[in-house]
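Visitor: Structure for this input, please:
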Amino acid sequence: MTSHPRVSIIIVSWNARSVVQECLPSVVDTNYPNLEIIFADNASTDGTAAWIAREYPSVKIVRHPENWLFARGNNAAIPHATGDYILLMNNDVEVPPNWLHPLVETMTAHPDVAAVQPKLLQYDERNRFEYAGGSGGFLDRAGYPFTRGRLFNTMERDRGQYDDPRDVFWATGAALLLRRSALDDVGLLDERFEMHMEEIDLCWRLWRHGYRVRVQPNSTAYHIGGASLPQRSPRKTYYNFR
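Guide: A predicted model of the protein is given here:
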């Protein structure tokens with residue numbers, strides 16, 4: 001593998017043009033020399049794909065025939081990727097230019113690491129952890145997921161208290177770098193989850209197959225959250241607690 005392994009970023013989206021217009025430019029501006037970006041459009045009707053084709057012709061567009069949500073939308077896009085590593089990213093994530101290097105370096109330094117996430121902070125309040133991933137996730141004794149930086153719905157301020165790179169039980173699907181060979185080994189996202197919790201299931205399978213999952217806080221990403229489903233949506237509650 002080269003010093004800069006190829007990374008394929010996959011962004012699944014459905015009718016979220018304004019959010020994509022806000023966040024995609026930062027992804028395109030990622031400072032990494034061996035990168036492809038794949039936009040997987042879940043049959044949007046708001047012209048998102050046409051806008052990307054016009055403004056960012058280097059982005060590869062995969063058009064799905066219907067809204068396949070997060071799990072199937074990503075699974076169907078992965079065969080189009082050419083990367084040694086696959087990075088699943090929500091459409092409402094903004095990143096600084098050098099965010100990707102620490103994640104790739106974690107993978108290359110630790111061949112048994114199959115998944116790694118950045119520190120995930122709020123988009124609007126950038127010194128506070130974000131709900132979906134914080135600084136890496138775990139499960140409590142009842143099987144309820146939590147993250148470093150979040151206690152139930154209370155988000156901690158980032159004061160560097162979770163800046164240690166370390167193993168975690170699960171890493172957030174909002175920005176998740178995956179080793180492709182490990183996916184070949186354990187399988188892709190379980191499409192029965194449709195959206196929410198599928199990354200926890202995947203990380204659990206990775207651990208069971210002898211791989212490790214890590215957080216690398218030297219990398220930072222900013223997540224708007226709620227682009228697919230608002231926080232108070234009954235569907236969101238269903239997907240989180242089924």
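
Visitor: Please make it C-alpha for all contacts and neighbour counts, starting now.
Guide: Will do.

Visitor: Any buried residues in the one helix or strand Tyr222 maps to, and which?
Guide: Assessed by DSSP states H and E, Tyr222 sits inside strand 212-223. By neighbour count with 16 or more other C-alpha atoms under 10 Å, strand 212-223 contains the buried residues Arg212, Val213, Arg214, Val215, Gln216, Pro217, Asn218, Ser219, Thr220, Ala221, Tyr222, His223.

Visitor: what is the mean pLDDT for it?
Guide: Averaging pLDDT along strand 212-223 yields 99.

Visitor: Which stretches in this protein count as strands?
Guide: 7-13, 35-41, 60-63, 85-89, 93-94, 113-122, 137-139, 145-147, 150-151, 154-155, 166-167, 175-179, 212-223 (DSSP state E).

Visitor: which helices and strands does the second one pack with?
Guide: Helices and strands in packing contact with strand 35-41 are listed as strand 7-13, strand 60-63, helix 69-77; criterion 3 or more C-alpha pairs under 8 Å, 6 or more residues apart in numbering; DSSP states H and E.

Visitor: for these, which one sits closest to Asn31?
Guide: strand 7-13 (12.0 Å; C-alpha to C-alpha).

Visitor: separation between Asp164 and Glu191?
Guide: 33 Å (C-alpha to C-alpha, to the nearest Å).

Visitor: When these two are compared, which one has more neighbours?
Guide: Per other C-alpha atoms under 10 Å, whichever of Asp164 and Glu191 has more neighbours is Glu191, with 16 against 12.

Visitor: Could you pull up the residues touching that one?
Guide: Contact analysis of Glu191 by C-alpha atoms under 8 Å, 6 or more residues apart in numbering lists Ala71, Arg72, Glu198.

Visitor: Surely the first one and Asp201 touch.
Guide: No. Under the criterion of C-alpha atoms under 8 Å, Ala71 makes no contact with Asp201, lying 11.3 Å away.

Visitor: Pull up the overlap in contacts between the two.
Guide: Joint contacts of Ala71 and Asp201 (C-alpha under 8 Å, 6+ apart) are Leu189, Asp190.

Visitor: The two: which has the busier surroundings?
Guide: It is Ala71, of Ala71 and Asp201, that has more neighbours when counted by other C-alpha under 10 Å, with 21 against 14.

Visitor: Would you mind measuring from the more buried one to Tyr56?
Guide: For Ala71 relative to Tyr56 (C-alpha to C-alpha), the value is 25 Å.

Visitor: bridging residues for the most centrally placed residue in the chain?
Guide: Taking C-alpha atoms, centre = their mean as the criterion, Ala175 is the residue nearest the geometric centre of the chain, at 2.4 Å. Counting by DSSP bridges, Ala175 is bridged to Met89.
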